[in-house]
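[1] One predicted model, sequence on top.
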Amino acid sequence: MWMPLPMKSVLLGTLLAGAAMAEGREQLAIRTLFLSEHPDASPQRVYVRGQVVTALRFDARVKPVRARLVGGDGRFEPVGIVGRTVVLEPRRDLDPDEAFSLLVTLADDREVPFLLRPPGRQARGSADQQLNVFEDRGSQDAVASALVDSEKENKALRAENERLHKEEVSEDHALAALLTAGAVAQTPFGVAAHFSGQDDGASLDATVFRGTGKAAVVFKVKNHHPVHSWSMKSVRLVGTSDARERAIAVRSSAAVLVPGTSGVIGLVVDGSAFLDSGTLTSLSLELYRQDGRLQAIVQLDPALIAK
């Protein structure tokens with residue numbers, strides 16, 4: 001739905017609440033799982049997403065002979081077994097409170113349970129695309145797979161620590177925090193435009209701010225869904241001419257909005273983001289919700305950073 005703004009056509013605001021526009025392709029998500037030696041152990045969790053194939057690749061010595069879903073009829077494509085790999089594909093995203101059991105019978109007649117769940121915060125919002133499943137933790141292949149997992153985790157932790165350190169000393173993040181707290185008077189910004197939109201799950205009010213050398217946007221979000229929580233998965237700032245992703249400072253008042261609650265997201269864009277090879281260009285600010293779908297777009301014009 002197009003939302004006209006109370007100013008010249010240099011700005012354009014759009015709310016796509018619930019629109020089925022997916023975020024960019026995720027990096028391949030591969031994890032290592034080890035079969036438990038205890039028959040009463042809790043099932044291993046497998047994170048799945050609609051129309052995303054998840055493959056459980058077993059060690060050759062524990063090759064599966066069959067697999068079946070419990071209670072997932074009509075929700076998944078038929079479960080496949082190719083060599084030593086079990087292939088899953090949900091037809092649509094699972095609801096946050098849904099879970100299904102996958103029972104895999106191995107060549108020695110053992111039945112191994114797995115719990116199929118939608119990606120949560122623990123899974124960093126990503127579906128499992130490949131799971132390497134081992135019985136012997138000490139085998140060469142198992143050790144190599146676990147080592148790759150550890151290296152990826154350590155790399156992610158180092159990147160997160162570096163990001164947090166940069167934010168601690170960032171002027172833009174400090175300004176975003178003030179906007180999120182409602183302390184607009186303590187910032188150099190003035191209101192440029194305001195627009196709003198709503199679907200059956202959430203309503204958003206967006207305010208666009210102009211400032212000398214910087215621009216900002218504040219989203220006020222209310223979760224109207226009777227059951228499901230709302231959260232921001234990510235924000236992207238790209239050029240409308242070159243689609244190159246730019247840096248943006250983001251602060252939010254709450255990580256998750258349970259049904260009936262509201263929150264604020266403050267975003268600050270430095271003037272340098274508007275430059276493309278020395279020429280000023282418009283930017284597109286994209287807000288993605290917890291399921292990876294595009295929730296809102298705000299087009300930002302270079303006039304916002306004029307002196």
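    Structure's in. What do you need?
[2] avg pLDDT for stretch 178-190?
    Stretch 178-190 shows a mean pLDDT of 95 in the predicted model.
[3] what's the answer for stretch 197-205, then?
    Mean predicted confidence for stretch 197-205 is 87.
[4] From Leu300, how far off is the residue nearest in space to the middle of the chain?
    The centroid of the chain falls nearest to Lys233 when counting by C-alpha atoms, centre = their mean (3.6 Å). Per C-beta to C-beta, to the nearest Å, Lys233 is found 21 Å from Leu300. Just so you know, the C-beta spots here come from the backbone N, C-alpha and C atoms, and that holds for glycine as well.
[5] what's the answer for Val256, then?
    Taking C-beta to C-beta, one finds Val256 at 27 Å from Leu300.
[6] In terms of neighbours, single out the busier of these two.
    Taking other C-beta atoms under 10 Å, Val256 and Leu300 do not tie; Leu300 has more neighbours (27 against 14).
[7] From Arg57, how far out is the closest residue to that one other than its chain neighbours?
    Spatially, and ignoring its direct neighbours in sequence, Leu300 is nearest to Leu283 (4.5 Å; C-beta to C-beta, 6 or more residues apart in numbering). According to C-beta to C-beta, Leu283 and Arg57 sit 42 Å apart.
[8] Kindly report the same for Arg246.
    38 Å.
[9] do the same with Leu179
    47 Å.
[10] Please apply the same query to Arg236.
    32 Å.
[11] again with Lys222
    43 Å.
[12] neighbour count winner among these two?
    Arg57 (19 against 15).
[13] Not counting residues beside it along the chain, what's closest to that one?
    Closest to Arg57 by C-beta to C-beta, 6+ apart is Thr85, at 4.8 Å.
[14] and what of Ala306?
    Arg210 (7.5 Å).
[15] thinking again about what came up before, wait, doesn't the residue nearest to the centre of the chain sit right on Gln290?
    Yes. Using C-beta atoms under 8 Å, Lys233 is in contact with Gln290, at 5.4 Å.
[16] in stretch 68-88, what's buried?
    Neighbour counts using 16 or more other C-beta atoms under 10 Å place Leu69, Gly72, Arg75, Phe76, Val79, Ile81, Arg84, Thr85, Val86, Val87, Leu88 of stretch 68-88 among the buried residues.
[17] and the residue nearest to Arg57, what is it in contact with?
    Ala55, Leu56, Arg57, Phe58 (C-beta atoms under 8 Å, 6 or more residues apart in numbering).
[18] for it, which residues make a bridge with it?
    Note on Thr85: beta-bridge partners by DSSP bridges are Arg57, Val82.
[19] roughly how far apart are it and Arg110?
    Thr85 is 17 Å from Arg110, by C-beta to C-beta.
[20] Domain-wise, how is the protein divided?
    Using automatic domain parsing, the domain parsing of the chain gives 2-23+171-305, 35-165.
[21] so which of the ones you listed gets nearest Ala29?
    domain 35-165 (4.5 Å; C-beta to C-beta).
[22] for the record, mean pLDDT for the closest one?
    Computed over domain 35-165, the average pLDDT equals 82.
[23] so Asp40, which of the three states?
    Secondary structure assignment for Asp40 (DSSP: H, G, I helix; E, B strand; the rest coil): coil.
[24] May I have the phi/psi pair for it?
    phi -100, psi 10 (degrees, to the nearest 10).
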